[in-house]
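S.K.: What follows is a predicted structure for the sequence shown.
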Amino acid sequence: MRIERACYLVAAVLFASGLAHLGVQAVLGGPWDGPVSWRKPADFGMAFGLTLFAVTWASTWIDVRPRRAVLTGFAAASVVEVVAISVQAWRGVPSHFNTTTPLNSAFAFSAAAGGAVIIVTTLALLRAAFRPSDATRGQRLAVQVGFGSLLVGLVIGAVMIAIGTAQARTVSLDAAYDAAVVLVPAHAAAMQGILVLPILAWLTGFTSWPEPARTRVTALGCAGYLVCAGTIVLEAFLGFDGFDPASAPVLGTVVAAAGAALLVGAGVATLAGLDRGSRLRQTAASR
C-alpha cells in the first residue's frame, strides 16, 4: 500500500540522518556523552528509523484501523522527535527538559507532544494485534509481545521525561539529565522487542517445520526476550545502575543472561532449520 511505502521511505531518511550525525561526530569531534552531543541525533535518527520500519512491517500482519491515520501519526511523530533533537544539537543546546527560552521550550514541548502521539498510535497497534487476522499464530504472538514491549518502553520514556522535568524546574538541567539517564537501559531494552521478534517469526516461515513447531520456537524467543528485558527494567526501577552490570545483583545478571540465551538459541535454531528452497517455492506459489 502507498502508506507503507511512504513510511519505509521516511524510516530510511531518519536512519540516514542518524548515520550522517555519526559522520559529523567523526569530523567535528566533541563530547559523545552528555546533554549536548552528536550522539543524541545519531541515536535518535537510527533508532526511530529502525523502529518506524519495524512497526510498519509488523502492521502488515494485523488488522489496523484506521491504518492510514495510525501509521501517518506514528511516522509524523517520529520525524518531529528526530528533527527536534537534531536541530537542538546543531544549535549547541540541550534538547530534553530545556525550557530556558521560548524557542527551546517549543522544541521541548514538540518532542513531548510527538512522544504522546507515538504512545497513542502504539496503543492502537497493540489493540489491532489481538484482532483476528491472516497471520500465523507465531506471527501474532511476535507482534503482540513486540508492540506490548514497545509500549512499555515508551511509558518508561514518559517517566524519564516527568522525572527530568521535575528536576529541571526544582534543581538544574544537569540534575535532570542525571536523574533521567538511570532509566535509559530499561527504556532501550523494552524498545527492542518489535525489532527482533517479528523477524524471528518471519524466519520460522522458511523452515520445513510444521506450524506448531514454528509457533513453539517463536514463543521460546518471546519468553527469552521478556525475561531479559523484564529483568533489566526491574533492576532499573529498583535503583541499580544499568550502565554498570557489576553493580547489579548476581541473580539478576544470571536471569537476564538466561533470557538472552533463550532468545539467541531460538534464533540460531531457526537459522539452522532454514529450508533453502522454501522461499523460492513460496515466491513461485504467490505468482
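M.R.: Structure's in. What do you need?
S.K.: Now whichever helix or strand V24 is part of: buried residues?
M.R.: Element membership of V24 [criterion: DSSP states H and E] is helix 2-28. Going by neighbour count (16 or more other C-beta atoms under 10 Å), the buried part of helix 2-28 is 3, 7, 10-11, 14-15, 17-18, 21-22, 25. (C-beta placed from N, C-alpha, C; glycine too.)
S.K.: so which of those comes closest to N98?
M.R.: Set against N98, the nearest of those by C-beta to C-beta is H21 (18.5 Å).
S.K.: wouldn't that closest one be in contact with A42 here?
M.R.: Yes - if you go by C-beta atoms under 8 Å, H21 and A42 touch, sitting 4.1 Å apart.
S.K.: Grab the most central residue of this protein for me.
M.R.: Centre of the chain computed as the mean C-alpha position; nearest residue by C-alpha atoms, centre = their mean is M191, 3.3 Å away.
S.K.: Name the nearest residue to that residue, ignoring sequence neighbours.
M.R.: G153 (3.9 Å; C-beta to C-beta, 6 or more residues apart in numbering).
S.K.: count of neighbours near that neighbour?
M.R.: Residues lying near G153 (other C-beta atoms under 10 Å) number 23.
S.K.: Pull out the buried positions in the host helix or strand of it.
M.R.: Per DSSP H and E, G153 falls inside helix 137-170. Residues of helix 137-170 classed as buried by neighbour count (16+ other C-beta under 10 Å): 138-154, 156-158, 160-161, 163-165, 167-168.
S.K.: Measure how the next helix or strand after it sits relative to helix 137-170, angle-wise.
M.R.: Following helix 137-170 in sequence order, the next helix or strand is helix 173-180 (DSSP H and E). Calculated by axes from the mean of the first three to the mean of the last three C-alpha atoms, to 10 degrees, helix 173-180 forms an angle of 150 degrees with helix 137-170.
S.K.: now helix 173-180: mean pLDDT?
M.R.: Helix 173-180 comes out with an average pLDDT of 86.
S.K.: In PDB, list the C-alpha atoms belonging to it.
M.R.: What follows is helix 173-180, C-alpha atoms only, in PDB (Å, rounded to 0.1, in the frame of the first residue of the first chain):
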ATOM      1  CA  LEU A 173      19.300  20.900  33.900                       C
ATOM      2  CA  ASP A 174      22.300  18.800  34.900                       C
ATOM      3  CA  ALA A 175      20.400  17.200  37.700                       C
ATOM      4  CA  ALA A 176      17.500  16.500  35.300                       C
ATOM      5  CA  TYR A 177      19.800  14.500  32.900                       C
ATOM      6  CA  ASP A 178      21.500  12.700  35.800                       C
ATOM      7  CA  ALA A 179      18.100  11.600  37.200                       C
ATOM      8  CA  ALA A 180      16.600  10.600  33.900                       C
END
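S.K.: Give me the contact list for that helix.
M.R.: 34-35, 94, 96-98, 100, 160-161, 163-168 (C-beta atoms under 8 Å, 6 or more residues apart in numbering).
S.K.: Report the contact partners of G239.
M.R.: Contacts here follow C-beta under 8 Å, 6+ apart; on that basis G239 touches V182.
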